[in-house]
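Peer 1: sharing a model that was predicted from the sequence below.
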Amino acid sequence: MFCYNHNMADKTFSRYEELKTQVNFHNYRYHVLDAPVVSDLEYDRLLNELKKIEAEHPEWITPDSPTQRAGAKPSEKFEKVRHPAPILSLANAFGADDARAWFERIKKLDDRVKKAKFVVEPKIDGLSVVLHYHDGQFAQGATRGDGEVGEDITSNLRTVKAIPLRIPVEGQESKVSVPSHLVVRGEAFIPIKDFEALNKKLEEAGEKTYLNPRNTAAGSLRQLDPQLTASRPIAMLVYQIVHAEGGNVPTSQWEILEYLKSLGFPVADISKRFNDLDSAIAYTETFDKGRDTLPYEADGMVIKIDDLSLAADLGFVGKDPRGAVAFKFPAREVTTTLLGIDVEVGRTGVLTPRASLEAVEIGGVIVRNATLHNFDYIEEKDIRIGDRVLVKRAGEVIPYVIGPVVDARSGKEKKYKPPTKCPACNTEVEHIEGEVAWYCVNAACPAQLVRNVEHFVSRGAMDIVGLGIKIVEQLIEAGLVKDVADLFTLKKDQLLKLEGFAEKKAENLLGSIEQAKGQSLKRLIAALGIHGVGEVMAGDLAQTYGSLSALSQTTTEELQQIEGVGPNIAESIVDWFARPANQKLLKKLKAAGVDPQMKKDEKKKEGAFAGLTFVVTGTLPNFSRDDAKEFIENNGGKVTDSVSKKTSYLVLGENPGSKFEKAKSLGVKIIDEAELKRLAE
Ligand code: IVH
């Protein structure tokens with residue numbers, strides 16, 4: 001009997017080890033390579049099995065278990081860490097001439113520079129961090145600090161899934177040897193898309209939005225609660241070995257990058273090595289123009305001498321090594337005049353201030369408006385109308401006002417007072433306890449109705465083609481649409497009375513409205529515009545409840561069982577369904593034939609495309625972008641925005657963009673819409 005149990009435990013233990021390895025490997029595939037090889041469902045299954053074993057055998061848990069990422073409790077303050085070698089900075093070069101001048105200077109110091117090779121890397125605008133590995137285990141992580149001493153943010157960094165807890169990551173083809181003490185440096189950051197999604201979520205919840213990806217990443221890593229860090233989409237790219245003891249590491253920068261990659265670290269895929277400086281500069285300049293295509297904010301590229309012993313021999317100027325230079329992109333910050341502040345009413349009634357600016361060009365784009373985040377922000381920054389203001393445009397993010405140029409004031413600037421009444425309907429605005437936003441709570445506010453309908457018919461929601469903002473406004477003005485359900489009972493003769501409507505246009509619109517009746521439950525839930533419920537959560541709610549009537553009867557407790565649903569969102573959902581006006585709306589929708597139930601194909605996440613990553617470019621013959629995305633996701637695939645080596649397929653349409661060239665150069669498989677459909681079968 002004893003023996004039997006012992007064997008069982010042995011077996012469970014080896015299964016536990018295997019699960020740890022597997023889950024860590026799948027984390028790596030997903031977060032580092034952006035190329036998962038299992039579906040989310042399979043991943044969850046493995047993780048759950050692992051958690052179950054850990055619940056039964058807590059004594060087995062080791063720090064490299066994937067469940068231990070957000071472990072340690074908040075501490076009082078960060079300890080100081082002395083870096084094993086100085087964490088250096090970089091000298092700047094502004095443009096090609098500056099970079100050549102740098103080359104001429106160092107050529108005089110050492111003859112070998114003449115024949116040197118160069119590595120070009122992105123200069124990511126994030127937070128510099130230093131990672132220590134002892135015998136392959138992630139042991140400590142620190143901020144740069146003053147370059148000599150940083151802060152110990154190990155618990156926070158452990159939550160960053162792109163940072164391997166153990167190297168080499170299991171499952172790598174070749175086993176690479178690791179020095180007993182290895183110290184690696186890289187940049188932690190939030191990708192632009194994730195930053196925008198985070199802000200959208202916060203905005204929907206009426207909370208303060210963040211200013212920019214850099215500050216958000218830095219703030220998230222330098223606060224005391226690892227759980228909070230874990231909830232932030234922090235990514236990481238490494239580029240330097242600061243220190244190695246008890247083992248050998250490569251002696252050229254390019255080989256260092258390859259080596260780090262082979263250990264399982266995330267390394268920038270656009271980094272490249274060149275035989276001469278001119279080619280390195282030419283490559284750098286292509287990114288100056290194309291920086292909007294990068295998934296992260298970069299303020300330049302770094303050009304580094306490849307031979308690290310030569311680089312070391314060149315020495316430093318202050319804290320800047322002579323062997324590398326930051327080739328800075330022109331800053332996308334300008335000053336202009338703040339002409340006024342407009343207030344927009346969102347579909348949930350949130351009032352948001354928007355800067356109206358004297359038109360100005362920022363990085364090739366004419367900017368006339370910029371976000372001011374919220375009324376508190378205007379007050380905190382003391383932004384006044386008539387001020388010269390600093391405006392920044394980064395990535396494809398909407399430009400934002402950084403703050404006033406106080407020295408440029410003439411005294412004629414006017415302090416701004418937030419409105420006490422809704423600019424659209426004149427109702428007193430209200431403030432919700434604990435939120436920064438001000439709301440117009442008038443359910444019949446025309447500005448809200450326009451936004452509501454606009455949201456309801458949008459691509460990510462009910463996707464009613466041909467129903468643009470102009471027509472929405474027309475329908476509301478004519479009194480034909482008082483809520484979104486009214487759309488489904490529109491008659492042709494009503495439309496024909498509107499300006500610009502002829503037979504054909506009216507028929508087309510009615511046709512697409514009719515078609516929208518068959519949209520999925522997920523889309524309908526997202527379309528309702530419930531405070532805090534975006535597309536992803538709508539999908540989770542659809543999966544859990546299967547119909548609107550089931551969802552309308554849920555409780556806050558039940559809702560909180562769903563991952564990502566906290567007490568606030570749960571309450572907002574229950575609240576929405578409890579309102580008589582909304583109940584009436586649901587009845588009207590149902591009566592009009594809009595009452596989707598969960599479709600079977602939406603439930604399954606696995607499918608023909610499980611583990612595959614797609615990028616779509618150009619116009620496809622039958623699919624819209626959203627259709628294509630939905631089709632791929634319904635078949636278990638993933639859709640990303642930019643082409644990389646990890647892209648499984650590029651789906652090519654007419655008039656493709658630069659993604660086509662990129663895919664060709666990387667050897668990514670290219671297919672058309674028809675082929676995509678065939679593959680799904
Ligand atoms: S190399 C000797 N490479 O830029 C090593 N730095 O202005 C010196 N940075 O503090 C740094 N990406 O935080 C290097 N690929 C990259 C980088 C990079 C971003 C940051 C780093 C540094 C700052 C220097």
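Peer 2: Arrived safely, thanks for sending.

Peer 1: in stretch 426-446, which residues are buried?
Peer 2: 427, 429, 436, 437, 438, 439, 440, 442, 445 (16 or more other C-beta atoms under 10 Å). The C-beta positions use only the backbone N, C-alpha and C, and glycine is treated the same way.

Peer 1: and residue 245, how close does it get to the ligand?
Peer 2: Separation of residue 245 from the ligand (C-beta to the nearest ligand atom, to the nearest Å) stands at 19 Å.

Peer 1: by pLDDT, rank the buried residues of stretch 426-446 and give me the bottom one.
Peer 2: The member of the buried residues of stretch 426-446 with the lowest pLDDT is residue 442, and it reads 79.

Peer 1: got a pLDDT number for residue 137?
Peer 2: 93.

Peer 1: swap that for residue 654, sorry
Peer 2: Model confidence at residue 654 (pLDDT) stands at 88.

Peer 1: quick one: low-confidence ranges for the stretch 101-250 of the chain?
Peer 2: 171-175, 204-205 (pLDDT under 70).

Peer 1: helices of that one, start to end?
Peer 2: Along the stretch 101-250 of the chain, counting by DSSP state H, counting those that start in this stretch, helices occupy 154-158, 192-204, 213-221, 226-230.

Peer 1: can you tell me the SS state at the one residue in the stretch 351-500 of the chain that gets nearest to the ligand?
Peer 2: Residue nearest to the ligand within the stretch 351-500 of the chain: residue 394 (15.1 Å; C-beta to the nearest ligand atom). At residue 394 the chain is in coil, as set by DSSP: H, G, I helix; E, B strand; the rest coil.

Peer 1: that one: neighbouring residues, count only.
Peer 2: Neighbour count for residue 394, taken as other C-beta atoms under 10 Å: 23.

Peer 1: nearest residue to it in space, please, no chain neighbours.
Peer 2: residue 297 (5.2 Å; C-beta to C-beta, 6 or more residues apart in numbering).

Peer 1: any idea how far that neighbour is from residue 329?
Peer 2: Taking C-beta to C-beta, to the nearest Å as the measure, residue 297 falls 10 Å from residue 329.

Peer 1: which one of these two is surrounded by more residues?
Peer 2: In terms of neighbours (other C-beta under 10 Å), residue 297 is the more surrounded of residue 297 and residue 329; the figures are 24 against 20.

Peer 1: and the strands in the stretch 201-350 of the chain?
Peer 2: For the stretch 201-350 of the chain, the strands defined by DSSP state E, counting those that start in this stretch cover 235-245, 272-274, 298-305, 316-317, 320-321, 324-328, 333-345, 350-362.

Peer 1: tell me which of the ones you listed sits most buried.
Peer 2: Across the strands of the stretch 201-350 of the chain, averaging neighbours per residue (mean count of other C-beta atoms under 10 Å) puts strand 298-305 on top, at a mean of 25.

Peer 1: and the angle from that one to strand 324-328?
Peer 2: 150 degrees (axes from the mean of the first three to the mean of the last three C-alpha atoms, to 10 degrees).

Peer 1: what parts of the stretch 151-300 of the chain come near the ligand?
Peer 2: Within the stretch 151-300 of the chain, the residues that sit near the ligand (C-beta under 6 Å from any ligand atom) are 187, 239, 240.

Peer 1: now with 8 Å?
Peer 2: Applying C-beta under 8 Å from any ligand atom, we find that the stretch 151-300 of the chain lies next to the ligand at 185, 187, 237, 239, 240, 268, 271, 298.

Peer 1: count of residues packed around residue 505?
Peer 2: 15.

Peer 1: return the residues in contact with it.
Peer 2: By C-beta atoms under 8 Å, 6 or more residues apart in numbering, residue 505 lies in contact with 466, 495.

Peer 1: do a quick rundown of the strands in the stretch 351-500 of the chain.
Peer 2: Assigned strands in the stretch 351-500 of the chain, in chain order: 365-371, 388-392, 400-404, 429-431, 438-440 (criterion: DSSP E, counting those that start in this stretch).

Peer 1: distance to residue 498 added to the ones you listed, as a markdown table?
Peer 2: As requested, these are exported to a markdown table (distance: least, C-beta to C-beta, whole Å):
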| stretch | distance to residue 498 |
| --- | --- |
| strand 365-371 | 30 |
| strand 388-392 | 39 |
| strand 400-404 | 38 |
| strand 429-431 | 32 |
| strand 438-440 | 27 |
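
Peer 1: which parts of the protein sit against the ligand?
Peer 2: Near the ligand, when you scan the chain using C-beta under 8 Å from any ligand atom, you find 87-90, 92, 121-128, 144, 185, 187, 237, 239-240, 268, 271, 298, 302, 304, 311, 320-321, 323-324, 326.

Peer 1: go with 6 Å
Peer 2: 88-90, 121, 123-124, 128, 187, 239-240, 302, 321, 324, 326.

Peer 1: just the endpoints, please. Distance across stretch 488-508?
Peer 2: Across stretch 488-508, the terminal residues are separated by 14 Å (C-alpha to C-alpha, to the nearest Å).

Peer 1: what average pLDDT does that stretch get?
Peer 2: 94.

Peer 1: tell me the buried residues in that stretch?
Peer 2: 488, 490, 495, 501, 506.

Peer 1: ok, now stretch 34-47?
Peer 2: Those buried within stretch 34-47 under the rule 16+ other C-beta under 10 Å are 34, 35, 36, 38, 39, 42, 43, 46, 47.

Peer 1: quickly list what residue 365 is bridged to.
Peer 2: residue 362 (DSSP bridges).

Peer 1: nearest to the ligand: which residue in this protein?
Peer 2: Counting by C-beta to the nearest ligand atom, the chain gets nearest the ligand through residue 128, at 3.2 Å.

Peer 1: residue contacts, the residue nearest to that residue when sequence neighbours are not counted?
Peer 2: In space, residue 128 comes closest to residue 144 once its chain neighbours are excluded; the distance is 4.1 Å by C-beta to C-beta, 6+ apart. Residues near residue 144 by C-beta under 8 Å, 6+ apart: 87, 127, 128, 129, 130, 150.

Peer 1: which pair of those spans the longest distance?
Peer 2: Across the contacts of residue 144, the longest distance by C-beta to C-beta is 11.9 Å; it joins 87 and 127.

Peer 1: just give me the residue right at the centre of this protein.
Peer 2: Closest to where the C-alpha atoms of the chain average out (C-alpha atoms, centre = their mean) is residue 194, at 1.0 Å.

Peer 1: these two touch, right, that one and residue 220?
Peer 2: No: at 11.6 Å, residue 194 does not count as touching residue 220 under the criterion of C-beta atoms under 8 Å.

Peer 1: low pLDDT regions in the protein?
Peer 2: Within the chain, the ranges that satisfy pLDDT under 70 run 1-6, 71-75, 171-175, 204-205, 395-397, 443, 599-606.
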